[in-house]
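Asker: quick one, fold the following:
(one chain, ligands or ions: 1)
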Amino acid sequence: MSRLLVNGGNELNGELRISGAKNAVLPILAATLMNAGENILFDCPRLSDVDAMIEILRAIGCKVEFNNSMMRVDSSVLSSHEIPEDLVREMRSSIFLMGPMLARCGKIKISYPGGCEIGPRPIDLHLKALRQLGVEIKEAHGFLECEVIDLKGTEINLDYPSVGATENAMLIAVMAKGTTRIRNSAKEPEIVDLQNYLNKMGAKIKGAGTSQIIIEGVQKLSGVEHRVMPDRIVAGTMLVAGAIAGGEIILKNVMVEHIKPVISKIREAGCMLIEEGNSLKLKSTRKFNAIEVTKTLPYPGFPTDMQAQFMSLMTIAQGTSIITETVFENRYKHVDELIRMGAKIKVDGRVAVVQGVKRLTGANVTAKDLRGGAALVLAGLTAEGVTIVNNLKHIDRGYDMIDKMLRKLGAEVYRMN
Ligand code: UD1
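Answerer: Down below sits the predicted model:
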């Protein structure tokens, strides 16, 4: 089991380029199925979730090459509509394959995505939208067998602006007859990136980034080249790293607009942030104010994917901070681990109360999920002595070598097998 060793206390200084976004590249990779042709993607991050998606694409007949950060997917020939169960269990995002496979082949057999570490994460909204678009879905023995009966544009009113359900509905609607309107759609920037990618292929979609997406169905899609948008959560995580460790860092390849809610909280905490085009400079003196209200919300609210990292910062702020997680249940698994490092945190349902302490101390802790794992690494940067973060596999799902990124800025973070 891989682990990270973090020797706390170093300031962070220097420059870092932010890689392409995991949450953009995963649905885009699923969409490569749709054009029966060549797809070239630039700025693909090397993540275990991306590797899992590549394995799935290969298992159903695609040819995939991945060199440095460039990926080529040839989806001319598909050999199967069944997604291997072990690969689906490895990665929840395999449900993004439903829309594209149904659009291209008219059927898919896929197991229910495996249990997830941040709460139950149901897929009822995905299934409801697919049914509304004319898909018959049989659920039995842990599998979903789906078949297109009559793929027709329709009006979908999402009960909640789910990112994944918006993307799945959008993907299949690209090839439905007529017009589809998705109301109360999620507004995350990754959905805009998916829209841009699909439109380059020949789809007719508008409205991504707002609460109503309109899709005119088309019959044929063509080959495409696309650069994946920068990862706003990796950028946010590195900002908190710079804040918590102190020093002066510059992040390049950042869509500043996408991380405004994180920027404003880091400023509220007392750090100086200068925005310059696509780069961000952060200066931190390691003195932080507590923040009374942080509430996770769908975009453009404060992202749930930054809640854990932000909590690490609040553990050493002056005063008491209150964090409310409204998006996912059970997304506080990092709390017990932070407490092992000396943090004072109490959780009651969806609310966490963090009472700032003078310092954290290094400890042996375990990553229970992706962002919670990253939060422990950040806490290790400021803790006295050595922190060991076990279960690195969770962190590798979403960060392209977090140890290397942090070492580049001057931290002592090492991978141990
Ligand atoms: C995506 C992101 C994830 C991020 C999340 C919220 C990807 C690959 N992952 O996940 O990093 O944390 O958005 O910003 O893009 N829900 C239902 N039924 C459904 C679908 C969702 O009840 O069918 C609920 C979920 O349990 C959760 C909420 O809706 O409480 C938000 O989930 P959703 O927006 O769908 O997140 P994901 O697309 O899974």
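
Asker: can we go C-alpha only for contacts and neighbour counts from here?
Answerer: Noted.

Asker: I'd say H81 and K107 touch.
Answerer: Yes - at 6.5 Å, H81 counts as touching K107 under the criterion of C-alpha atoms under 8 Å.

Asker: compare neighbour counts for these two and give me the winner.
Answerer: Neighbour totals were compared for H81 and K107, and K107 leads with 23 against 19 (other C-alpha atoms under 10 Å).

Asker: up against the ligand, what does the chain have?
Answerer: Contact residues (C-alpha under 6 Å from any ligand atom) of the chain with the ligand: 23, 93, 121-126, 162-165, 298, 304-305, 327-328.

Asker: which neighbours do H81 and K107 have in common?
Answerer: Taking C-alpha atoms under 8 Å, 6 or more residues apart in numbering as the criterion, H81 and K107 both touch M101.

Asker: list the buried residues of the lowest-mean-pLDDT helix or strand in the chain.
Answerer: The element with the least model confidence among the helices and strands of the chain, by mean pLDDT, DSSP states H and E, is helix 85-90, at a mean of 86. Neighbour counts over helix 85-90 (16 or more other C-alpha atoms under 10 Å) mark 85, 87-90 as buried.

Asker: also stretch 3-12?
Answerer: 3-12.

Asker: run the chain-centre distance for it.
Answerer: The chain centre lies 24 Å from the centre of stretch 3-12; the measure is C-alpha atoms, centre = their mean, to the nearest Å.

Asker: please begin residue numbering at 124 from this point
Answerer: Sure, I'll start numbering at 124, so the last one becomes stretch 126-135.

Asker: could you dump the least confident helix or strand of the chain to CSV, C-alpha only?
Answerer: Listed next in CSV are the C-alpha coordinates belonging to helix 208-213 (Å, rounded to 0.1, in the frame of the first residue of the first chain):
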residue,chain,number,x,y,z
GLU,A,208,-17.7,-5.1,-14.0
ASP,A,209,-14.4,-5.0,-12.2
LEU,A,210,-13.5,-1.7,-14.1
VAL,A,211,-16.9,-0.1,-13.2
ARG,A,212,-16.3,-0.9,-9.6
GLU,A,213,-13.0,0.8,-9.7
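
Asker: who are the packing partners of it?
Answerer: helix 171-182, strand 230-234 (3 or more C-alpha pairs under 8 Å, 6 or more residues apart in numbering; DSSP states H and E).

Asker: gap between that helix and the chain center?
Answerer: From the chain centre to the centre of helix 208-213 is a distance of 18 Å (C-alpha atoms, centre = their mean).

Asker: now do the helices in the stretch 124-273 of the chain.
Answerer: 145-154, 171-182, 208-213, 221-228, 247-255 (DSSP state H, counting those that start in this stretch).

Asker: enumerate every residue touching G365.
Answerer: Counting by C-alpha under 8 Å, 6+ apart, G365 touches 134-136, 371-372, 405-407.

Asker: between the residues you listed, which is closest to G332?
Answerer: Ranked by distance to G332 (C-alpha to C-alpha), the contacts of G365 are led by L405 at 27.5 Å.

Asker: not counting its neighbours along the chain, what's nearest the closest one?
Answerer: Leaving aside its chain neighbours, L405 sits nearest to L396 (4.6 Å; criterion: C-alpha to C-alpha, 6 or more residues apart in numbering).

Asker: follow-up on the earlier one: please identify the deepest-packed of the helices and strands packed on helix 208-213.
Answerer: By mean neighbour count, with neighbours taken as mean count of other C-alpha atoms under 10 Å, strand 230-234 ranks first of the helices and strands packed on helix 208-213 at a mean of 23.

Asker: that one - what's its average pLDDT?
Answerer: For strand 230-234, mean pLDDT rounds to 94.

Asker: same deal with stretch 309-326?
Answerer: Summarised as a single mean, pLDDT over stretch 309-326 is 98.

Asker: any idea whether N322 is helix, strand or coil?
Answerer: At N322 the chain is in helix, as set by DSSP: H, G, I helix; E, B strand; the rest coil.

Asker: residue contacts, it?
Answerer: Contacts for N322 (C-alpha under 8 Å, 6+ apart) come out as I328.

Asker: mind checking how far it is from L152?
Answerer: 15 Å (C-alpha to C-alpha, to the nearest Å).

Asker: any chance of the buried residues of helix 208-213 in TSV, plus distance to G495?
Answerer: Putting these into TSV (distance: C-alpha to C-alpha, whole Å) gives the following:
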residue	distance to G495
E208	26
L210	23
V211	22
R212	20
E213	18
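
Asker: before we move on, the earlier item: for V377, find the nearest of the helices of the stretch 124-273 of the chain.
Answerer: Across the helices of the stretch 124-273 of the chain, closest to V377 is helix 145-154 (C-alpha to C-alpha), at 14.2 Å.

Asker: do a quick rundown of the strands in the stretch 374-523 of the chain.
Answerer: Taking DSSP state E, counting those that start in this stretch as the criterion, the stretch 374-523 of the chain contains strands spanning 395-399, 402-407, 417-419, 443-448, 467-471, 474-478, 487-489, 509-513.

Asker: quick one, which of the ones you listed is packed in tightest?
Answerer: strand 509-513 (a mean of 23).

Asker: partner strands of that one and their direction?
Answerer: If you go by DSSP bridges, strand 509-513 pairs up with strand 126-130 (antiparallel), strand 487-489 (parallel).

Asker: how about those strands in a markdown table, adding distance to I141 and mean pLDDT?
Answerer: Below are the strands paired with strand 509-513 laid out as a markdown table (distance: least, C-alpha to C-alpha, whole Å; pLDDT from 0 to 100):
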| stretch | distance to I141 | mean pLDDT |
| --- | --- | --- |
| strand 126-130 | 21 | 98 |
| strand 487-489 | 26 | 98 |
